[in-house]
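# got a structure for you, letters missing:
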């Protein structure tokens, strides 16, 4: 799932940069840390194997590795913020990439469990609390996007 979160940080950072005419870098960083980083760390506490899509062992990740991942969210948000204003066509292109990623990983994405459960074919379906958290994170993301939209003409950062 971290690939999805990196792409989403790029999209929202790009949207903020595009709508604000290159201003709002601080808002892009805020989104990357609060809108992506904190929810990811919460999910990692409960379903680390799922977040890594059963490809990597969460036990092999140190606290520094998780910190680097959050820095990656900031970098992707700032990259989107810097690149998209001159190339707004990148937003739908990355949107298609996000959709393709979700489609291609749907079976892994909807089963939340340990790597052993996944391998045995008994990983449980996505729990309601996670769906609610995702909806809450989406609402927060939309609120940040709306704030960027409102602030887009102010030139403030």
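Nice, thanks for sending it over. Computed from a predicted structure; not experimentally measured. Residues are numbered from 1 along each chain as shown.

# where does residue 111 fall, phi/psi-wise?
Main-chain dihedrals, residue 111, degrees, to the nearest 10: phi -110, psi 120.

# could you look up the SS state of the closest residue to it other than its chain neighbours?
Leaving aside its sequence neighbours, residue 111 sits nearest to residue 123 (C-beta to C-beta, 6 or more residues apart in numbering; 3.9 Å). The way it works is simple: take the backbone N, C-alpha and C, and place the C-beta from them, glycine included. Following DSSP: H, G, I helix; E, B strand; the rest coil, we place residue 123 in the coil state.

# wait, residue 123 touches residue 113, no?
Yes - applying C-beta atoms under 8 Å as the test, residue 123 and residue 113 come out as touching, 3.2 Å apart.

# between those two, which one's more packed in?
residue 123 (22 against 17; other C-beta atoms under 10 Å).

# how near is that one to residue 133?
Computed as C-beta to C-beta, to the nearest Å, the residue 123 to residue 133 distance reads 18 Å.

# and the residue nearest to residue 111, what are its phi and psi?
Torsion angles, degrees, to the nearest 10, at residue 123: phi -60, psi 130.

# how about low-confidence regions in this protein?
Across the chain, the ranges flagged by pLDDT under 70 are 53-54, 127-132, 134-157.
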